[in-house]
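Participant: here's my sequence, what's the structure:
(one chain, ligands or ions: 1)
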Amino acid sequence: RPTIVLFTRDLRTHDHPALAAAEERGGGVVPLFVLDPTVLTRSARNRIAYLREALADLRDGLRAVGADLVVRSGDTVAETVRVARAVEAERVHLSADVSAFAADRARRLRAAGARERFAVAEFPGVTVVPPGGLVPATGDHYKVFTPYWRAWEARPWRRAERPPRRLGPLPEGLDAGALPGEECVERGTGRLSPRRIRGGEGAARERMRRWLRGGCSGYGEDHDDLAADATSRLSADLRFGCLSPLELARAARERGGCDPFVRQLAWRDFHHQVCAAFPLLARRDYRPRDTRWRDDDAAFAAWCEGRTGVPVVDAGMRQLLEEGFMHNRARLITAAFLTRELRVHWRRGGDHFHALLTDGDIADNYGNWQWVAGTGNDTRPNRSFNVLRQSRRFDPRGDYIRRYVAELADVPAPRIHAPWESARPASGYPEPLFDV
Ligand code: FAD
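Facilitator: Numbers count the residues shown, from 1 in each chain. So this is what the prediction gives:
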């Protein structure tokens, strides 16, 4: 009897433990993806667009080894049960995930399996080290990054799985179903960014190869330079599992000189293990603090639209709108500006990011927002964060600002960082929203 491999955010064939174990078992493999309306309506349009491309690519990848991707639409558990009945599946394999939604889905799937007589097995693959794979001496989970990083570095990793060689065809009579159409993008949140990244395992692997050959070894030096844009841009590929984080971490480690980059992958794992332990991360303060928030709708709207009058903040927010992506340094600056200067609640900022980011991920997005706002696991929650100093330091020539803020295209540095100080303010550019 066959094994269903339920794909969720692991849309690849390389180093896919759940798929490799199903192939190894024999008895046939039925790869399945369920387009769940609950997920769809909470997803950014940018993510749905990426997802469509990733599914098309996954189907091609599976067809190349003799199989196909079965696509269904509806509640994931109900649709999986339906397919399991149709093919008389013995097992369902899936990659373990950490969000509250994913944990509930796995629980419901196990309950359905117990009723319908199929086994449910969860596998690693979403992070390098599985959440819960590292436990501090005090028990529970790691709340601070540095000790987590030390333990993460010292831990041996699992070996990467090879991609499937040959999977049999789908069981007779099972319709593979159509890939989601373009119309489903409209059901998402935010807007579709004109310069968003292209999705899918093929494109992701090409980006990974280029990165490992090129920028990876210079990452430690250049990653904070806003204009250089010298980071990997692999976040959406990791978000959808078009790349295996383990394969990437292994390859970067082997390459040498890439330790600062590998450390960022540990940050990703760190936030996932926090989210596994604290599934309400997206809604509640991880460490409640007496922080006073203001409900300033006008300031929030100006921030969202990139017209706060603070050039580096506006550049970041406009990059987000244009690309569905923002440089990490700009994410830090814009988030600190919203929560520390405008004193608007981190949840509103996090939700806005989540509605647009192609790499938008519950653990990484809200974990970082709470870290910046000082309600999360930063060891120095009240650190001062001077936006203008950041602007001058990380975009000294003003090239990043000029790239995204057309009104300031002719303003030279250093004036571009604080145009209000100049006798001739740039035309059409707003006055700063706060007392700089
Ligand atoms: P690189 O600098 O090349 O880093 C490599 C990879 O490491 C990234 O692709 C990402 O997977 C991981 N990584 C790097 N920094 C972090 C970090 N601080 N936390 C977690 N993972 C990290 N990242 C997301 O993937 N999804 C999000 O929704 C997200 N929201 C964020 C919100 C805020 C307020 C902040 C400050 C950061 C957020 N990040 C998020 C982390 C980081 O900004 C992005 O991962 C990074 O900018 C993506 O670009 P890159 O792929 O070129 O990263």
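
Participant: check contacts around residue 81.
Facilitator: 112, 116 (CB atoms under 8 Å, 6 or more residues apart in numbering). (Each C-beta comes from the backbone N, C-alpha and C, glycine too.)

Participant: from here on, count from 509
Facilitator: Yep, numbering from 509; the last one is residue 589 now.

Participant: buried residues in the helix or strand it falls within?
Facilitator: Using DSSP states H and E, residue 589 maps to helix 584-595. Using 16 or more other CB atoms under 10 Å as the test for burial, helix 584-595 gives 584, 585, 587, 588, 589, 591, 592, 595.

Participant: how is this structure divided into domains?
Facilitator: 511-634, 635-667+709-785, 805-929 (automatic domain parsing).

Participant: of the ones you listed, which is nearest residue 690?
Facilitator: Between residue 690 and the domains of the chain, the shortest separation by CB to CB is 7.4 Å, and it involves domain 511-634.

Participant: could you dump the domains of the chain into a markdown table and include distance to the ligand and mean pLDDT?
Facilitator: Formatted as a markdown table, the domains of the chain follow (distance: least, CB to the nearest ligand atom, whole Å; pLDDT from 0 to 100):
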| stretch | distance to the ligand | mean pLDDT |
| --- | --- | --- |
| domain 511-634 | 10 | 97 |
| domain 635-667+709-785 | 3 | 96 |
| domain 805-929 | 3 | 95 |
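
Participant: tell me which of those domains lies nearest to residue 701.
Facilitator: Nearest of the domains of the chain to residue 701, taken as CB to CB: domain 805-929 at 3.9 Å.

Participant: how about residue 641: what's its closest non-neighbour residue?
Facilitator: Distances taken as CB to CB, 6 or more residues apart in numbering put residue 663 closest to residue 641, at 7.3 Å, once the chain neighbours are dropped.

Participant: can you pull out the helices in the stretch 609-758 of the chain?
Facilitator: All helices of the stretch 609-758 of the chain, identified by DSSP state H, counting those that start in this stretch, fall at 653-662, 709-721, 727-730, 743-747, 753-763.

Participant: CA-only coordinates of stretch 549-558 in CSV, if you can.
Facilitator: C-alpha atoms of stretch 549-558 as CSV (Å, rounded to 0.1, in the frame of the first residue of the first chain):
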residue,chain,number,x,y,z
THR,A,549,-6.7,34.1,2.6
ARG,A,550,-4.0,34.7,5.2
SER,A,551,-1.2,34.7,2.7
ALA,A,552,0.4,37.6,0.9
ARG,A,553,-0.3,37.8,-2.8
ASN,A,554,3.4,37.8,-3.2
ARG,A,555,3.6,34.4,-1.4
ILE,A,556,0.7,32.9,-3.4
ALA,A,557,2.4,33.9,-6.6
TYR,A,558,5.7,32.3,-5.5
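
Participant: quick one: contacts of it?
Facilitator: With CB under 8 Å, 6+ apart as the test, stretch 549-558 has contacts from 548, 559, 688, 692-701, 704-707, 744, 747-748, 832, 862-866, 868.

Participant: now do the longest strand along the chain and helix 584-595, the angle between them.
Facilitator: Longest among the strand segments of the chain by residue count, using DSSP state E, is strand 537-543. Orientation of strand 537-543 against helix 584-595 (axes from the mean of the first three to the mean of the last three CA atoms, to 10 degrees) gives an angle of 150 degrees.

Participant: centre of the chain to strand 537-543, how far?
Facilitator: A distance of 22 Å separates the centroid of the chain from that of strand 537-543, by CA atoms, centre = their mean, to the nearest Å.

Participant: distance between the helix or strand following it and the chain's centre?
Facilitator: Going down the chain from strand 537-543, the next helix or strand is helix 545-549, by DSSP H and E. Here helix 545-549 is found 17 Å from its chain centre; the criterion is CA atoms, centre = their mean.

Participant: how about stretch 634-648?
Facilitator: So, by CA atoms, centre = their mean, the centroid of stretch 634-648 is 20 Å from its chain's centroid.

Participant: same deal with stretch 599-612?
Facilitator: Relative to its chain's centre, stretch 599-612 lies at 16 Å (CA atoms, centre = their mean).

Participant: for residue 935, give its distance to residue 914.
Facilitator: 11 Å (CB to CB, to the nearest Å).

Participant: which residues touch residue 629?
Facilitator: Going by CB under 8 Å, 6+ apart, residue 629 touches 526, 529, 599, 600, 601, 602.

Participant: from these, pick the one nearest residue 578.
Facilitator: Closest to residue 578, out of all of those and judged by CB to CB, is residue 600, at 12.5 Å.

Participant: run me through the strand neighbours of the strand or helix carrying that closest one, direction for each.
Facilitator: Assigned by DSSP H and E, residue 600 belongs to strand 599-603. With DSSP bridges as the test, strand 599-603 is paired with strand 511-515 (parallel), strand 627-631 (parallel).

Participant: need the residues that contact it.
Facilitator: 511-518, 524-527, 529-530, 533, 588, 592, 614, 617, 621, 626-634, 749.

Participant: pull out the buried residues from those.
Facilitator: Buried members of the contacts of strand 599-603, scored by 16+ other CB under 10 Å, are 511-518, 524-527, 529-530, 588, 592, 614, 617, 621, 626, 628-634, 749.

Participant: ok so, going back, put together a markdown table for the buried residues of helix 584-595, with distance to residue 571 on each row.
Facilitator: Formatted as a markdown table, the buried residues of helix 584-595 follow (distance: CB to CB, whole Å):
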| residue | distance to residue 571 |
| --- | --- |
| 584 | 23 |
| 585 | 27 |
| 587 | 21 |
| 588 | 21 |
| 589 | 25 |
| 591 | 18 |
| 592 | 22 |
| 595 | 18 |
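
Participant: can the domains of the chain go into TSV with extra columns for distance to residue 797?
Facilitator: Below are the domains of the chain laid out as TSV (distance: least, CB to CB, whole Å):
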stretch	distance to residue 797
domain 511-634	22
domain 635-667+709-785	14
domain 805-929	5
